[in-house]
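*Asks:* Quick one, what's the 3D model for this:
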Amino acid sequence: MSTQRSLPRFNHVALTVTADELDASARADLVDFYGSVFGWTEMPTMSKDRELLVLRAWSNEQFVYIHASDAPMRCGTSEHLGLSVSTPAELDEMYARAKAFRDRDERVEVVDRQIEDFTAVKLHNFYVRYRLPFMIEVQCFEWAEGFSAESLP
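*Replies:* Sure thing, here's the model as predicted:
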């Protein structure tokens with residue numbers, strides 16, 4: 001009897017920030033932005049003032065773990081977390097929410113939406129950063145006829 005195994009999947013990302021980035025006001029800002037743009041919610045039983053914020057990313061098994069450190073994470077312009085959405089319309093909705101938030105908070109950085117054509121796939125994407133060390137890239141894969149995420153090169 002054979003048992004079918006599922007593939008491993010990412011379940012969280014952990015990063016460090018200064019304690020000031022996790023005071024009550026900063027945590028509220030982070031929850032507001034990441035909730036408004038991505039639909040993430042705070043896991044309040046895990047939050048600790050100036051120590052920890054855990055953002056639930058659509059499931060209790062997917063989360064962003066943000067904790068305070070005297071030596072916080074530092075990133076350049078290339079480091080980012082990638083998210084994938086199913087359709088260009090979903091990407092456009094998320095992009096619009098990020099730009100709308102930027103209109104009310106100048107700390108939001110948005111890199112404009114692009115489409116890169118790699119023949120087998122068109123990659124739709126945009127980048128956004130808010131108060132965390134790295135950007136988030138939101139992508140949508142538009143596969144050409146005969147190709148898919150499971151296709152071999």
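*Asks:* residues in contact with stretch 141-153?
*Replies:* Among residues not part of stretch 141-153, those counted as contacts by CB atoms under 8 Å, 6 or more residues apart in numbering are Ser84, Pro88, Thr119, Ala120, Val121, Lys122, Leu123, His124. Heads up, the C-betas are built off the backbone N, CA and C, glycines and all.
*Asks:* Kindly recompute the last result at 10 Å.
*Replies:* Applying CB atoms under 10 Å, 6 or more residues apart in numbering, the external contacts of stretch 141-153 come out as 84-88, 115, 117-125.
*Asks:* mind checking how far it is from the chain centre?
*Replies:* Centre-to-centre, stretch 141-153 and its host chain are 24 Å apart (CA atoms, centre = their mean, to the nearest Å).
*Asks:* mean confidence score for it?
*Replies:* Per-residue pLDDT values over stretch 141-153 give a mean of 89.
*Asks:* helix/strand/coil for the residue most central in space within the chain?
*Replies:* Central residue of the chain (CA atoms, centre = their mean): Ile136, 4.6 Å from the mean position. Remark: Ile136 carries the secondary structure label strand [criterion: DSSP: H, G, I helix; E, B strand; the rest coil].
*Asks:* Backbone dihedrals for Gln114, please?
*Replies:* Note on Gln114: its backbone torsions stand at phi -140, psi 160 [degrees, to the nearest 10].
*Asks:* Give me the local confidence score for the residue nearest to it when sequence neighbours are not counted.
*Replies:* Counting by CB to CB, 6 or more residues apart in numbering, Gln114 lies nearest to Asn125, which is 5.8 Å off, once chain neighbours are set aside. In the predicted model, Asn125 carries a pLDDT score of 98.
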